[in-house]
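[1] turn this into a structure:
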Amino acid sequence: MGLGKSVSWNALITFVVTVGSRFSKFLGSVVFANVAGGASLGVFYLFTSLFRVLRKLIGLGLGQAIVTQTAEAVSSDDTDHVGEIVSSALLVRLTSLCFVSVVLYAARHRLGRYVGLNRIWIYLVVALSLTMLLSTARSVLVGVKRVDVASTLDFLKEISMIVIQIALVLLGFDAFGLVAGFLAGMAVPTALAIVRTARFLEDLHPARDRIEAQLSFARFSFLDSLVGGEQIWIDTLMLGAVVTITQSDIGVYGITYSIAMFGLTLSSSISRAILPEIRDLDVADQYQNRDRLVQKSIKYSTLIALPLFFGALAIGDNVLAFIYGFDRGFEPLLFLTAGTMVFSIYQPVHQTFYALDRPRTAFLVSAVTSLSNFSLNILLIPPFGIAGAGLSTAASMCLSAATGLLLLRRLGVVSPLPFRAWRIQFGAAVLMALIVRFGDVQVGTDSLLSTSMLVTAGVAIYASVVLVGDSEIRKQLFNRLGSLTAP
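    A predicted model of the protein is given here:
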């Protein structure tokens, strides 16, 4: 059993647009680092970290509830109730937004000093308002299994942000340009998302029983969203609280973190696509197919993260110096890429917990992850700085993967780990790293041409070895390409 037609299509589209988003972020970060400077990046990363925390408070974990309830409504051909689902969730989120806005206003002066930018509370309120609407509409699209459309909107958001941010930075607005571009870039996809889901929202009226059901489901998914997900907001806020850490150091760490997160592009794409599918299989008591789908998801999820780590090991220090002009950041880059290599395994497991209606389990794993990261940050950041932050995050990622796999088996999902496929991927990544390192010694990475050639050669070597060694991945890829080119 492969990933399944709808899952593989949604995962493929999501992966393509995610890669496009990451690449646009990469190009933007090069401009930001070389034009605006590390200090302006530090201000921006502090702003986005605060935004991530507050976004979790506004979201209240209702995103998964909207997806699950919408998927159930679609499965039972009861789409008339989608408007009720959405309006109920929006009412709860709007109440939370009002409360958070009052708190931000009261703390506006302290926030401005902490971030290093005036009127930061206003920018946060605008960003939270936009993301409340966008994330709600996006959850509806995922619930109706249009993950491809939702991912395309994500891509549009990233492209809009990067283009506007680059323009403002080149005009000399620096930190303010980064924040203003972030806000402006969210406006277009938000409007399009509302238009795209309008046909499901003809009957908007909140219902008390619906709100109670959502809050009951979201008890643990909210806590999971609060402590789970990417850990950069914990790292950045704690780095900002240490007086010996400069905003320039925070900017370097943010860049290395964004590079490492590229390793999760395929894993996150698959994870977004499998939730409604696993839900359907579990409800239909098709446990064997459910378990196989989970296993395949885990198998494919490591395809990008493994070579990224070995690539960073081979030429990461030279790339940071040449592209970004950084003379530091190699250690956190290695730690973070190692962490994402392991964490890529956990992402589909995390979504499986929700598909099995186990938000409490997902929360427990996320709570352990964040608690360990917070504790290790306290111990490691003061003596080791951004390297300590990277090490603590990598350790917590490994802990979450181990804990998640153990709990998944206890829930009865019997999915043997794909060790053979991992051995092939590991061998291909090591061979790639050795050849790329040799090429670096011979031709160097001090020009755009030589760096591009080495990276392209590395990707080609890794992909070729994996395709030759793993017949199932080869078959899945050729089947998908054949369906795309079929008349």
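
[2] which SSE is residue 361 in?
    Taking DSSP states H and E as the definition, one finds residue 361 inside helix 359-384.

[3] can you list the buried residues in that helix?
    The neighbour-count check on helix 359-384 (16 or more other C-beta atoms under 10 Å) flags 359, 361-370, 372-374, 376-377, 380-381 as buried. All C-beta atoms are positioned from the backbone trio N, CA, C, and that covers glycine.

[4] over to stretch 393-413?
    Residues of stretch 393-413 classed as buried: 393-401, 403-405, 407-408, 413 (neighbour count, 16+ other C-beta under 10 Å).

[5] from those residues, which land in strands?
    Among those, no member is found in strands (DSSP state E).

[6] quick check: of those residues, which lies closest to residue 420?
    Checking the buried residues of stretch 393-413 against residue 420 by C-beta to C-beta gives residue 405 as the nearest, at 17.1 Å.

[7] does the residue nearest to that closest one when sequence neighbours are not counted belong to a helix, a strand or coil?
    Excluding the flanking residues, the one nearest residue 405 by C-beta to C-beta, 6 or more residues apart in numbering is residue 349, at 6.3 Å. The three-state label given to residue 349 by DSSP: H, G, I helix; E, B strand; the rest coil is helix.

[8] how far away is residue 349 from residue 34?
    Counting by C-beta to C-beta, to the nearest Å, the gap from residue 349 to residue 34 is 39 Å.

[9] average pLDDT for stretch 354-373?
    Here stretch 354-373 scores 84 as its mean pLDDT.

[10] how far off centre is it?
    Distance, stretch centre to chain centre, for stretch 354-373: 16 Å (C-alpha atoms, centre = their mean, to the nearest Å).

[11] ok, stretch 434-442 next?
    For stretch 434-442, the distance to the chain centre is 31 Å (C-alpha atoms, centre = their mean).

[12] how about low-confidence regions in the stretch 251-400 of the chain?
    Residues of the stretch 251-400 of the chain meeting the criterion pLDDT under 70: 276.

[13] tell me where it has helices.
    Using DSSP state H, counting those that start in this stretch, the helices assigned to the stretch 251-400 of the chain run over residues 265-283, 287-301, 305-319, 330-355, 359-384, 386-410.

[14] between those helices, which one is closest to residue 474.
    Nearest of the helices of the stretch 251-400 of the chain (C-beta to C-beta): helix 287-301, 12.5 Å.

[15] which residues are in contact with stretch 431-450?
    For stretch 431-450, contacts defined as C-beta atoms under 8 Å, 6 or more residues apart in numbering pick out 307, 310-311, 313-315, 318-319, 322, 451, 453-455, 457-459, 461-462, 465.

[16] of the residues you listed, buried ones?
    Neighbour-count burial (16+ other C-beta under 10 Å) applied to the contacts of stretch 431-450 gives 307, 310-311, 313-315, 318-319, 322, 451, 454, 458, 461-462, 465.

[17] report the separation between residue 431 and residue 462.
    8 Å.

[18] buried ones in the helix or strand containing residue 194?
    Element membership for residue 194, per DSSP H and E: helix 174-196. Within helix 174-196, the residues scored as buried using 16+ other C-beta under 10 Å are 174-179, 181-186, 188-190, 192-193, 196.

[19] with just CA atoms, put that helix into PDB.
    Presented in PDB, the C-alpha positions along helix 174-196 are these (Å, rounded to 0.1, in the frame of the first residue of the first chain):
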ATOM      1  CA  ASP A 174      15.300  47.800   8.200                       C
ATOM      2  CA  ALA A 175      13.500  46.300  11.300                       C
ATOM      3  CA  PHE A 176      10.300  48.200  10.700                       C
ATOM      4  CA  GLY A 177      10.300  47.100   7.000                       C
ATOM      5  CA  LEU A 178      10.500  43.400   8.200                       C
ATOM      6  CA  VAL A 179       7.600  43.800  10.500                       C
ATOM      7  CA  ALA A 180       5.500  45.900   8.100                       C
ATOM      8  CA  GLY A 181       6.100  43.400   5.300                       C
ATOM      9  CA  PHE A 182       5.100  40.600   7.600                       C
ATOM     10  CA  LEU A 183       1.700  42.200   8.200                       C
ATOM     11  CA  ALA A 184       1.100  43.200   4.600                       C
ATOM     12  CA  GLY A 185       2.000  39.800   3.300                       C
ATOM     13  CA  MET A 186      -0.700  38.200   5.400                       C
ATOM     14  CA  ALA A 187      -3.500  40.400   4.100                       C
ATOM     15  CA  VAL A 188      -3.800  39.000   0.500                       C
ATOM     16  CA  PRO A 189      -4.000  35.200   1.400                       C
ATOM     17  CA  THR A 190      -6.400  36.000   4.200                       C
ATOM     18  CA  ALA A 191      -8.900  37.600   1.800                       C
ATOM     19  CA  LEU A 192      -8.500  34.800  -0.700                       C
ATOM     20  CA  ALA A 193      -8.900  32.200   2.000                       C
ATOM     21  CA  ILE A 194     -12.200  33.700   3.000                       C
ATOM     22  CA  VAL A 195     -13.400  33.800  -0.600                       C
ATOM     23  CA  ARG A 196     -12.300  30.200  -1.200                       C
END
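
[20] pull the distance from that helix to the chain's centre.
    18 Å.

[21] what packs against it?
    With contacts defined as 3 or more C-beta pairs under 8 Å, 6 or more residues apart in numbering; DSSP states H and E, helix 174-196 has these neighbours: helix 38-59, helix 120-143, helix 147-170.

[22] need the pLDDT of residue 21.
    With respect to pLDDT, residue 21 has a value of 69.

[23] my error: substitute residue 470 in the last question.
    85.

[24] gap between the closest residue to it other than its chain neighbours and residue 436?
    Distances taken as C-beta to C-beta, 6+ apart place residue 424 nearest to residue 470, at 5.2 Å, with adjacent residues excluded. Relative to residue 436, residue 424 is positioned 18 Å away (criterion: C-beta to C-beta).

[25] pull the contacting residues for residue 344.
    263, 264, 266, 267, 301, 302, 304, 305.

[26] do I have it right that the last one meets residue 261?
    No: counting by C-beta atoms under 8 Å, residue 305 stays clear of residue 261, with 9.9 Å between them.

[27] what residues are shared contacts of those two?
    Jointly contacting residue 305 and residue 261 under the rule C-beta under 8 Å, 6+ apart are residue 340.

[28] which of those two has more residues huddled nearby?
    The residue with more neighbours, out of residue 305 and residue 261, is residue 305; 28 against 20, by other C-beta atoms under 10 Å.

[29] and the residue lying closest to that one once chain neighbours are set aside, how many residues sit next to it?
    What sits nearest to residue 305 in space, not counting adjacent residues and going by C-beta to C-beta, 6+ apart, is residue 263, at 3.6 Å. Other residues within reach of residue 263, judged by other C-beta under 10 Å, total 29.
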